[in-house]
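>>> Attaching a predicted model along with its sequence, questions to come.
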Amino acid sequence: MNKKSFSTPVIACTTSLLLAGTSQLAQATEGGLSSWPMGIEIYGMGILPPPGTYGQVFVGNYLADSLRDNAGDKAADIDLRATTIVPRFIWVTEQQVLGGNLGFHALLPLNDIRLNVKNGPHDHKRGIGDAHFGPVVGFHHSDKFHTAVGVDFVAPTGSYDKDDLINLGNNYYTVQAVYAMTYTDPNGFNADVRLMHDYNFENRDTHYQSGRELHADYTLGWGLGNGWVMGVGGHAYQQISDDKCSASNCASAALVDANDGNRGRSFSIGPAVQYSGNGWFISAKWQDESGVRNRAEGQTYWVKFTMPL
């Protein structure tokens, strides 16, 4: 592979893009949030580019009009708009680890979040979110089949106030394990899956610890032979352990117990497209959520641009 033939890299881009709300509005992990923006990755999830430095920019917009409870019923009407611009730096080294190339990445999202609750409060925040960084090792099994393994660390650099309706950061650390696979053919079938497991540490301001999360981004597509890939993509999400609140006077403890640990889930699907230029790539996606439990339900738009530096 050379710098003009790589696809979108796999390194985890766990951009903290969405709101950090209160337990009164959204359940399933604290504020109904995750460090990973579900479904952000599109094609080439399992391909690490050749040694070198790369720049990447994500532009996303999430729109939601309802909150879903533990049974999937509407719990509240809302108007949530979360817009983000995420510059990201990627460095792939010459160092080999178990036969694969070692790489690193770092990013810091710029967020603009608005939330209006019907017949209730509203809030607006703008600024930096939580920082993300981590290593990855990429393997090229053939010209068409690629895998990657990585670990991402999320640091609470975004502003946070437990009394605010929304926040720019989650105020806790997250460690995310990542395994991704890509099968790519410029003149045929393309398939990607990125499996992730999140361990969330306690929010020291609220003594609330969000449960462990298992989720996957996926795409299916067909290469047209002229640089274009057309298909569908989305995500599948399931929280696999209960939320907890360690403080003896935690107001959320009874709510967590009453809702089976506030375990969330969701699924999304929608059209996805990618175009490969002369050493650069641009991809776009729209996805609609369904089967949501204990989280906001909405639609997401993503555009991603990648190029060597």
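Cool, got the structure.
>>> Show the end-to-end separation of stretch 176-189, please.
One end of stretch 176-189 to the other measures 29 Å (C-alpha to C-alpha, to the nearest Å).
>>> Rounded mean pLDDT for it, please.
Average pLDDT, stretch 176-189: 96.
>>> how close does the residue lying closest to residue 48 once chain neighbours are set aside get to residue 54?
Distances taken as C-beta to C-beta, 6 or more residues apart in numbering put residue 138 closest to residue 48, at 2.5 Å, once the chain neighbours are dropped. From N, CA and C alone the C-beta is placed, and that goes for glycine too. According to C-beta to C-beta, to the nearest Å, residue 138 stands 13 Å off from residue 54.
>>> mind listing what the closest residue to residue 188 other than its chain neighbours touches?
Excluding the flanking residues, the one nearest residue 188 by C-beta to C-beta, 6+ apart is residue 223, at 5.8 Å. Contact partners of residue 223, counting by C-beta atoms under 8 Å, 6 or more residues apart in numbering, are 184, 185, 186, 187, 188, 189, 190, 229.
>>> One more pass at 7 Å, please.
Counting by C-beta atoms under 7 Å, 6 or more residues apart in numbering, residue 223 touches 185, 186, 187, 188, 190, 229.
>>> can you check residue 173 too?
154, 155, 156, 201.
>>> got a winner among those for most neighbours?
Within the contacts of residue 173, most neighbours by other C-beta atoms under 10 Å means residue 154, with 28 neighbours.
>>> ok, the closest residue to residue 141 other than its chain neighbours - how many residues close by?
Leaving aside its chain neighbours, residue 141 sits nearest to residue 147 (6.8 Å; criterion: C-beta to C-beta, 6+ apart). Residues contacting residue 147 under the criterion other C-beta under 10 Å number 19.
>>> just the strands in the stretch 201-309 of the chain please.
Taking DSSP state E, counting those that start in this stretch as the criterion, the stretch 201-309 of the chain carries its strands at 208-209, 213-223, 228-239, 244-245, 265-276, 281-293, 296-308.
>>> Buried ones among the contacts of residue 223?
Neighbour-count burial (16 or more other C-beta atoms under 10 Å) applied to the contacts of residue 223 gives 186, 190, 229.
>>> where along this structure do the helices fall?
253-258 (DSSP state H).
>>> Once you drop chain neighbours, what's closest to residue 154?
Excluding its sequence neighbours, the residue lying closest to residue 154 (C-beta to C-beta, 6+ apart) is residue 174, at 4.0 Å.
>>> And residue 108, by the same measure?
Of all residues not flanking residue 108 in the chain, residue 131 sits nearest, at 5.1 Å (C-beta to C-beta, 6+ apart).
>>> same deal with residue 151?
Of all residues not flanking residue 151 in the chain, residue 134 sits nearest, at 5.2 Å (C-beta to C-beta, 6+ apart).
>>> what's that neighbour in contact with, if anything?
Contacts of residue 134 by C-beta under 7 Å, 6+ apart are 12, 105, 150, 151, 152, 153.
>>> and with 6 Å instead?
Residues near residue 134 by C-beta atoms under 6 Å, 6 or more residues apart in numbering: 12, 150, 151, 152, 153.
>>> repeat for residue 162
Counting by C-beta under 6 Å, 6+ apart, residue 162 makes contact with 205, 206.
>>> Check the spacing between it and residue 66 real quick.
The gap separating residue 162 from residue 66 is 24 Å, by C-beta to C-beta.
>>> Between which two of the contacts of residue 134 is the distance greatest?
Greatest spatial distance among the contacts of residue 134 (C-beta to C-beta): 150 and 153, at 10.5 Å.
>>> These two - which one has more neighbours?
Shown here are residue 150 and residue 153; by other C-beta under 10 Å, residue 150 has more neighbours (23 against 16).
>>> For that one, which non-adjacent residue is spatially closest?
Closest to residue 150 by C-beta to C-beta, 6+ apart is residue 136, at 3.3 Å.
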